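J.: here is a sequence with its predicted model. Questions after.
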Amino acid sequence: MSIKFLKNNWYLILKIPISIVLNDCFVVLAQNFLTKRFSKENHFSKELGITFVAYSPLGRGFLTGAIKSRSDLEKDDWRLTLPRFTDEAIKENLKFVEVVERIANSKGVSKAQVALAWVLSQNSEITTIPGTRKVHRLEENLGAFNVALSEDDIAIIEEHMPSETVGERYG
């Protein structure tokens with residue numbers, strides 16, 4: 001479902017849930033770490049009075065920095081089947097994670113918290129659904145609400161954000 005479609009068919013929104021879920025926020029890097037083009041230029045959520053829910057804002061765990069190579073995943077991990085989790089894609093996409101890590105280290109917070117704080121800083125019509133199976137990760141993710149990114153932090157993130165994520169979303 002495209003943004004153009006939603007704007008042109010807003011009346012259909014009344015027949016679906018209040019929030020729109022973006023499938024797979026590895027959004028062009030978490031599909032552009034929420035895509036510059038979505039977050040700042042498109043205000044359809046506000047126009048329609050709905051919330052945009054960013055699904056998988058940590059890029060299937062990639063933006064946490066825990067995945068530095070395929071060997072960091074269990075042998076039966078389904079992400080091994082995804083093009084974004086090839087060694088080549090991981091190596092290239094880690095360059096952006098390093099930027100997030102520098103900001104996280106300067107603030108004494110996790111990379112996940114910086115990534116989520118960036119998404120939440122875009123506008124009040126965007127929220128996230130970071131998936132986790134562990135209570136301590138849930139608590140960590142909630143800590144993103146307490147991370148204050150400066151204008152400089154945001155500028156650094158956006159300056160280093162790749163225009164495209166290496167590796168297709170699905171094979």
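T.: Sure thing, it's come through. Numbers count the residues shown, from 1 in each chain.

J.: can you pull up the most central residue in this protein?
T.: With distances taken as CA atoms, centre = their mean, the chain has residue 57 as the residue nearest its mean C-alpha position (2.8 Å).

J.: next, give phi and psi for that residue.
T.: phi -70, psi -10 (degrees, to the nearest 10).

J.: quick one: low-confidence ranges for the protein?
T.: 1-45, 48 (pLDDT under 70).

J.: how far off centre is the longest helix seen in it?
T.: Using DSSP state H, we find that the single longest helix of the chain is helix 87-107. Taking CA atoms, centre = their mean, to the nearest Å, the mean C-alpha location of helix 87-107 is offset from the chain mean by 13 Å.

J.: now do the next helix-or-strand element following that helix: which elements does it pack against?
T.: Per DSSP states H and E, the first helix or strand lying C-terminal to helix 87-107 is helix 111-121. On a contact count with 3 or more CB pairs under 8 Å, 6 or more residues apart in numbering; DSSP states H and E, helix 111-121 meets helix 87-107, strand 126-129, helix 135-142, helix 151-160. Quick note: C-beta positions are derived from backbone N, CA and C, even for glycine.

J.: which strands and helices sit next to the longest helix of the chain?
T.: helix 111-121, helix 151-160.

J.: closest one to residue 66 among those helices?
T.: Nearest to residue 66 among the helices and strands packed on helix 87-107 is helix 111-121 (8.7 Å), distances taken as CB to CB.

J.: tilt between the closest one and helix 151-160?
T.: Helix 111-121 runs at 100 degrees relative to helix 151-160, counting by axes from the mean of the first three to the mean of the last three CA atoms, to 10 degrees.

J.: tell me what angle helix 111-121 forms with helix 87-107.
T.: Between helix 111-121 and helix 87-107, the angle comes out at 80 degrees (the same axes, to 10 degrees).

J.: ok, and what's touching helix 111-121?
T.: 25, 30, 33-34, 39, 54, 57-58, 63-65, 97, 100-101, 103-104, 107, 126-128, 130, 137, 140-141, 143-145, 147-149, 153-154, 157 (CB atoms under 8 Å, 6 or more residues apart in numbering).

J.: please write out the alpha-carbon positions of it in PDB.
T.: In PDB, the C-alpha atoms belonging to helix 111-121 read as follows (Å, rounded to 0.1, in the frame of the first residue of the first chain):
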ATOM      1  CA  LYS A 111      22.200   1.500  19.800                       C
ATOM      2  CA  ALA A 112      18.700   0.300  19.900                       C
ATOM      3  CA  GLN A 113      17.600   3.200  22.000                       C
ATOM      4  CA  VAL A 114      19.200   5.700  19.700                       C
ATOM      5  CA  ALA A 115      17.600   4.100  16.600                       C
ATOM      6  CA  LEU A 116      14.200   4.100  18.300                       C
ATOM      7  CA  ALA A 117      14.600   7.600  19.600                       C
ATOM      8  CA  TRP A 118      15.400   8.800  16.100                       C
ATOM      9  CA  VAL A 119      12.200   7.200  14.800                       C
ATOM     10  CA  LEU A 120      10.200   8.800  17.600                       C
ATOM     11  CA  SER A 121      11.700  12.200  17.000                       C
END
